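[1] Quick one, what's the 3D model for this:
(chains A and B)
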2 protein chains.
Amino acid sequence: MRWEDTVRRVVPYTPGEQPQKRDVIKLNTNENPYPPAPGVTETLSAFGSEQLRLYPDPEAKVLVDALAQTYGVKPSQVFVGVGSDDVLSMAFLTFFHSDRPILFPDVTYSFYDVWAELYRIPYKKIPLTAEFRICAADYQQENGGIIFPNPNAPTGILEPLSLIEEILRANPASVVIVDEAYIDFGGESCLPLLGTYDNLLVVQTFSKSRSLAGLRIGFAIGSEALIRYLNDVKFSVNSYTMTNSACLCGAAALRDTAYFKAATEKIIATREAAKQRLREMGFTLTDSQSNFLFASHPAMPAGEIFAALKARDIYVRHWDQPRIGNFLRITIGTPEQMEALYAALADILKK
Amino acid sequence: MRWEDTVRRVVPYTPGEQPQKRDVIKLNTNENPYPPAPGVTETLSAFGSEQLRLYPDPEAKVLVDALAQTYGVKPSQVFVGVGSDDVLSMAFLTFFHSDRPILFPDVTYSFYDVWAELYRIPYKKIPLTAEFRICAADYQQENGGIIFPNPNAPTGILEPLSLIEEILRANPASVVIVDEAYIDFGGESCLPLLGTYDNLLVVQTFSKSRSLAGLRIGFAIGSEALIRYLNDVKFSVNSYTMTNSACLCGAAALRDTAYFKAATEKIIATREAAKQRLREMGFTLTDSQSNFLFASHPAMPAGEIFAALKARDIYVRHWDQPRIGNFLRITIGTPEQMEALYAALADILKK
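    Alright, predicted model coming up:
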């Protein structure tokens, strides 16, 4: 026997490229094109070295309280982590702990099956409709939990609260996780359903709408019972996940509601204009309600467009996977970045 | 059936208290009493908001390369995480994946059984000798992995490399993790054994000797094969665990070897003086080679001393557990903090 025999083998998730060279137009990992609220940078520059020496607050109280106030819930209903991936990973580990398969869409955030494989959770992919929509009736079968993003990724399609409630009503014995990473770009959050369903966990992030991908902050809101179980697991993994600077900066971002509103509205306006422009160029697009587009062109395979854009230092995302292999996911950048994209696409497509 | 039936239930680790009030003498969580190297604070204050907006480098290359250079290994032999707890938790998940029990001392870092319980890893606690020493022969039995700290916690006792090598020689089919959180305070690291044993993983942290508990940086060094497996699991949990500011600050801390040497030597000198002073007061002490003392007094139960110190705003650590219930773990503070401790102890013991 060799020590390799006891190793857990997994195939990891591949994140979008973080090119180190400058002057790249980076529309590949759904970052916000605008800087975080000014208060965040001020908070960071005032951060003292004494805070570095000491362990941070294991409860991350400053941030938890700020989130509770922002979303009108109790602090005991809020969980925070190192980006929403950390939160989701903990949630998989905590809540999806049975022999029954968990359910999620076939076209969705590609980390879901990675977590399921990692934690040896049985799972079943439920095909979206031909129009990439979730069908609530498909989630009325035996399961050990349910998860889906809303808006979905990488399609950007938003489902109505009525669909989420239909799934919740049919699944009182399962934890249902709604991954709202992109909800701030025009979607309606299902947070109001928390009053009725104590098995609903809503996960959001500071990486997109709050312009803080580099700070690593995600959070979950749910019933006190759910959050207690989640914290028990979190405190069984790592006592101190959140730095005090992340907590203070996160709270500062939440305080500036005017900045937040202005930045998300700019992105929404750019997105709607981009849909129009790309349609004029012959692209087929979903009606994305997120900070990205999901686009296909009848005249050229997505993989070719992807490579041609990359050769021009414009990075978008492409997955060589069933059903979505001919689509590009394009993050909404500034209007100037989008103009550069349109010009490049026009050039690529005329060949 | 209820949704609670599918929840993973665990009893979490309880971290040492992080009192929010000022003017406390905090000797309870083994933080460094001195600030981090000046270059760290300079790096932090130069950190720009553009870096907040973008995802960090998923490879944490700046930090990995700096560690490789510092410890004379290849970058592909280095793994970094959100404190050594994150690194150890990942290592448990990755390497302890069999039906055979993992082995660790009965008196040790109390997170080990928490991780084992969390990931449902069978485990067996191996009693230390009456003098709290590890006996290599006890680790010559069937196992699914081995872990122990060196120096051990909370005893502070350092074992020689010959003992570690004896355990490694007897266990070629197991991953052996040596948790060197406290090695920089006078111990001899087992890193030189890496050339001979590809199943050895050495874990260290920036939280103690580098004065960066608040920044959350831990790391592991091992064979390229071990690190590859560990990274596969890490990238199956969370692509972006390390912020760019943590990586840059960590690298800055590594660069200032003179500061590091001076700070650790001061702590070692204070520790040796403290042993002398506490012995004069009647305490029994282990020969700790860490940044804390492990002390017992024949005239008063440790729990009482703990409470009396806390009433005087001096925080130390006490576990109401078998074998160590009559000991206190006291972090080495500044000479001034230690004087305040001696005065308080003298006052408490004369009652």
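
[2] any idea how far A:L93 is from chain B?
    Distance of A:L93 to chain B, given as Cβ to the nearest Cβ, to the nearest Å: 6 Å. C-betas here are computed from N, CA, C, even on glycine.

[3] Also A:R2?
    6 Å.

[4] got the contact list for that residue?
    B:P172, B:A173 (Cβ atoms under 8 Å, 6 or more residues apart in numbering or on different chains).

[5] One more: A:I227?
    A:S76, A:Q77, A:V78, A:F79, A:A220, A:I221.

[6] want to try CSV for these, with distance to chain B, secondary structure and pLDDT as columns?
    As requested, the contacts of A:I227 are exported to CSV (distance: Cβ to the nearest Cβ, whole Å; DSSP: H, G, I helix; E, B strand; the rest coil; pLDDT from 0 to 100):
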residue, distance to chain B, secondary structure, pLDDT
A:S76, 16, helix, 98
A:Q77, 16, helix, 98
A:V78, 17, strand, 98
A:F79, 13, strand, 98
A:A220, 14, strand, 98
A:I221, 16, strand, 98
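
[7] Give the buried subset of those residues as a PyMOL selection command.
    Remark: buried members of the contacts of A:I227, expressed as a PyMOL selection using 16 or more other Cβ atoms under 10 Å in any protein chain shown:
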select buried, chain A and resi 77+78+79+220+221
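
[8] ok, and A:S162, which helix or strand is that part of?
    If you go by DSSP states H and E, A:S162 is part of helix A:161-170.

[9] That helix and chain B in contact?
    No: judged by Cβ under 8 Å from any Cβ of the partner chain, helix A:161-170 makes no contact with chain B; its nearest approach is 10.8 Å.

[10] Enumerate every residue touching A:V78.
    Counting by Cβ under 8 Å, 6+ apart, A:V78 has contacts A:V64, A:L67, A:A68, A:Y71, A:F219, A:A220, A:I221, A:I227.

[11] about what we covered before: of the contacts of A:I227, closest to B:I348?
    A:S76 (37.0 Å; Cβ to Cβ).

[12] Wait, that closest one touches A:E224, no?
    Yes: A:S76 lies in contact with A:E224 (Cβ atoms under 8 Å); the separation is 4.8 Å.

[13] Of all residues in the stretch 1-150 of chain A, which one is closest to chain B?
    A:P12 (3.4 Å; Cβ to the nearest Cβ).

[14] For the contacts of A:I227, work out which two are farthest apart.
    Across the contacts of A:I227 (Cβ to Cβ), the longest gap, 12.4 Å, separates A:S76 and A:A220.

[15] which one is A:A274 nearest to, not counting chain neighbours?
    Spatially, and ignoring its direct neighbours in sequence, A:A274 is nearest to A:M338 (5.5 Å; Cβ to Cβ, 6 or more residues apart in numbering or on different chains).

[16] Please enumerate the strands of chain A.
    A:25-26, A:78-81, A:102-105, A:123-126, A:146-149, A:176-179, A:200-205, A:218-221, A:284-285, A:292-296, A:314-315, A:328-331 (DSSP state E).

[17] coming back round to it: distance to A:E4 for the contacts of A:V78 - can I get that in a markdown table?
    Formatted as a markdown table, the contacts of A:V78 follow (distance: Cβ to Cβ, whole Å):
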| residue | distance to A:E4 |
| --- | --- |
| A:V64 | 41 |
| A:L67 | 43 |
| A:A68 | 46 |
| A:Y71 | 46 |
| A:F219 | 38 |
| A:A220 | 36 |
| A:I221 | 41 |
| A:I227 | 38 |
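
[18] From those, pick the one nearest A:R312.
    A:F219 (36.9 Å).

[19] The closest residue to the closest one other than its chain neighbours: what's it in contact with?
    Excluding the flanking residues, the one nearest A:F219 by Cβ to Cβ, 6+ apart is A:V80, at 4.8 Å. A:V80 sits next to A:A60, A:L63, A:V64, A:L67, A:V87, A:I217, A:G218, A:F219, A:T241, A:M242, A:C247, A:G250 when contact means Cβ under 8 Å, 6+ apart.

[20] doesn't A:K74 make contact with the third one?
    Read that as A:V64. No: in this structure A:V64 lies outside contact range of A:K74 using Cβ under 8 Å: 9.9 Å.

[21] And these two? Which one has more around it.
    Taking neighbours as other Cβ atoms under 10 Å in any protein chain shown, A:V64 and A:K74 compare with A:V64 leading, 24 against 12.

[22] For that one, give me its contacts.
    Applying Cβ under 8 Å, 6+ apart to A:V64 gives the contacts A:P75, A:V78, A:V80.

[23] Name the nearest residue to the first one, ignoring sequence neighbours.
    The reference is to A:P75. A:A68 (4.4 Å).

[24] Could you do A:R255 as well?
    According to Cβ to Cβ, 6+ apart, the nearest residue to A:R255 is A:G39 (6.2 Å).

[25] Counting neighbours, what do you get for the one you found?
    17.

[26] Give the full set of residues in contact with it.
    Contacts of A:G39 by Cβ under 8 Å, 6+ apart are A:A252, A:A253, A:R255, A:D256.

[27] So which of the residues you listed sit within helices?
    A:A252, A:A253, A:R255 (DSSP state H).

[28] Write out the residues of the stretch 101-250 of chain A neighbouring chain B.
    A:114-115, A:117-118, A:144-145, A:172-175, A:198-199, A:207, A:211-216, A:225, A:229, A:231-241, A:243-246, A:249.

[29] Mark which of the residues you listed are buried, thanks.
    Using 16+ other Cβ under 10 Å, the buried ones in these are A:114-115, A:117-118, A:144-145, A:173-175, A:198-199, A:207, A:211-216, A:229, A:231-241, A:243-246, A:249.

[30] Those in helices, which ones?
    Short answer: those in helices (DSSP H) are A:114-115, A:117-118, A:229, A:231-234, A:244-246, A:249.

[31] First-to-last residue distance for stretch A:315-330?
    With Cα to Cα, to the nearest Å as the measure, stretch A:315-330 spans 8 Å from end to end.

[32] now what about it, what contacts it?
    A:16-17, A:19, A:24-30, A:106-107, A:110, A:153-154, A:274, A:292-296, A:301-303, A:305-306, A:309, A:331, A:341.

[33] Now the buried members of those.
    A:16, A:24-30, A:107, A:153-154, A:274, A:292-296, A:302, A:305-306, A:309, A:331, A:341.

[34] Report the closest residue of the stretch 151-300 of chain A relative to chain B.
    A:F235 (3.3 Å).

[35] Counting neighbours, what do you get for the residue nearest to that residue when sequence neighbours are not counted?
    Counting by Cβ to Cβ, 6+ apart, B:P12 is the residue found nearest to A:F235 once chain neighbours are left out, at 3.3 Å. With neighbours defined by other Cβ under 10 Å, the count for B:P12 comes to 17.

[36] And A:A170, by the same measure?
    Neighbours around A:A170, by other Cβ under 10 Å: 17.

[37] Pull the contacting residues for it.
    A:A170 touches A:A136, A:Y139, A:Q140, counting by Cβ under 8 Å, 6+ apart.

[38] now A:S239
    Contacts of A:S239 (Cβ under 8 Å, 6+ apart): A:Y55, A:P58, B:Y13, B:P15, B:D85.

[39] Narrow those to those that are buried.
    A:Y55, A:P58, B:Y13, B:P15, B:D85.
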